[in-house]
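Participant: here you go, sequence then predicted model.
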Amino acid sequence: MAGVLCTAREEGRRGVRKLFASLVDWRLAARWYALCLGGPLAVALAAVGLHRLAVGDDATFHLEMSTVLLSAPFLVVGLFIGPLQEELGWRGYVLPRLVDRWGGVPAALVLGVPWACWHLPLYAMDPGGQERAPLVAFLISVVALSVLYAWFWTATGGSLVVALLLHSATNAAGVVLLRDARSDFGPSVIATVLTVSLAAGAAHHLRHGWRDLATRRRTDH
């Protein structure tokens with residue numbers, strides 16, 4: 001709501017129409033759908049597998065199918081609850097303005113801090129599930145995800161569709177990750193390391209990719 005209202009105040013009806021148009025423009029190359037939907041699950045499965053290798057679990061890459069299937073409803077529901085509302089603000093309103101002011105990587109890092117803090121109440125929920133992930137690792141991973149999301153957003157011309165899909169898929173992958181972390185923080189810590197590594201690679205491309213998008217946005221205005 002805040003993102004829509006602020007957009008309306010600054011850019012009028014035209015800006016609001018553009019904001020929602022980006023949310024429903026699903027004309028993306030197939031690779032972006034594959035990366036958005038499969039990437040977070042791949043990271044979660046890799047973290048679980050590496051953790052089980054480290055602790056000597058014979059069933060290293062074996063996950064109960066019910067656990068994986070359980071993530072599917074979260075992916076579908078996540079398109080409408082949580083990510084849909086959040087992304088209109090985070091990547092719809094805030095990120096473009098931070099990018100115009102500071103550039104791609106600084107903007108993503110600055111945005112990652114309030115985005116991480118936004119989720120802190122999840123640790124107070126009973127039952128919440130988020131408490132299965134160590135707090136510091138969670139905060140770091142969210143800031144790293146902010147960099148990854150910014151790269152996807154920039155590479156697709158400012159598409160909110162990729163932000164929505166990534167956010168929903170990340171929540172769905174968390175089901176797999178947190179169910180395996182019921183008695184051990186290991187999978188969450190490994191997932192954080194993997195996410196930070198991917199974010200470092202994305203930051204390299206983000207340094208050079210945001211300028212064209214920022215120029216295009218200023219021209220549109």
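Facilitator: Structure received. Numbers count the residues shown, from 1 in each chain.
Participant: for A133, which non-adjacent residue is closest in space?
Facilitator: Nearest residue to A133, sequence neighbours excluded (Cβ to Cβ, 6 or more residues apart in numbering): S188, at 4.1 Å. In short, each C-beta sits where N, CA and C put it, glycine included.
Participant: let me see the contact set for A108.
Facilitator: A108 makes contacts with L95, S146, V147, Y149, A150, W151, A203, L206, as judged by Cβ atoms under 8 Å, 6 or more residues apart in numbering.
Participant: hmm, try it at 10 Å
Facilitator: 95, 98-99, 102, 115, 143-151, 153-154, 199, 202-203, 206, 210 (Cβ atoms under 10 Å, 6 or more residues apart in numbering).
Participant: got it, and P114?
Facilitator: W90, V94, S146 are the contacts of P114 under Cβ under 10 Å, 6+ apart.
Participant: if we can go back for a sec, narrow the contacts of A108 to those that are buried.
Facilitator: The neighbour-count test (16 or more other Cβ atoms under 10 Å) marks 95, 98-99, 115, 143-151, 153-154, 199, 202-203, 206, 210 as buried among the contacts of A108.
Participant: could you pull up the mean pLDDT of whichever strand or helix holds L165?
Facilitator: Secondary-structure assignment from DSSP states H and E places L165 in helix 160-180. The average of the pLDDT scores along helix 160-180 is 83.
Participant: give me the helices and strands touching it, please.
Facilitator: helix 2-24, helix 30-54, helix 65-78, helix 83-89, helix 135-155, helix 186-220 (3 or more Cβ pairs under 10 Å, 6 or more residues apart in numbering; DSSP states H and E).
Participant: between those, which one is nearest to A107?
Facilitator: Among these, the nearest to A107 by Cβ to Cβ is helix 135-155 (6.7 Å).
Participant: where does the protein dip in pLDDT?
Facilitator: 57-80, 126-131, 179-184, 208-221 (pLDDT under 70).
Participant: tell me which residue lies nearest the centroid of the protein.
Facilitator: Nearest residue to the geometric centre of the chain (Cα atoms, centre = their mean): H167, 4.2 Å.
Participant: what's the separation between that one and G56?
Facilitator: To G56, H167 is 35 Å away according to Cβ to Cβ, to the nearest Å.
Participant: and the gap between the nearest residue to G186 once chain neighbours are set aside and T170?
Facilitator: Nearest in space to G186, with sequence neighbours left out and distances taken as Cβ to Cβ, 6+ apart, is H51 at 4.3 Å. According to Cβ to Cβ, H51 and T170 sit 19 Å apart.
Participant: now for the residue nearest to the centre of the chain: which residues touch it?
Facilitator: Taking Cβ under 10 Å, 6+ apart, we find H167 in contact with 36, 40, 78-79, 82-84, 86-87, 90-91, 145, 149.
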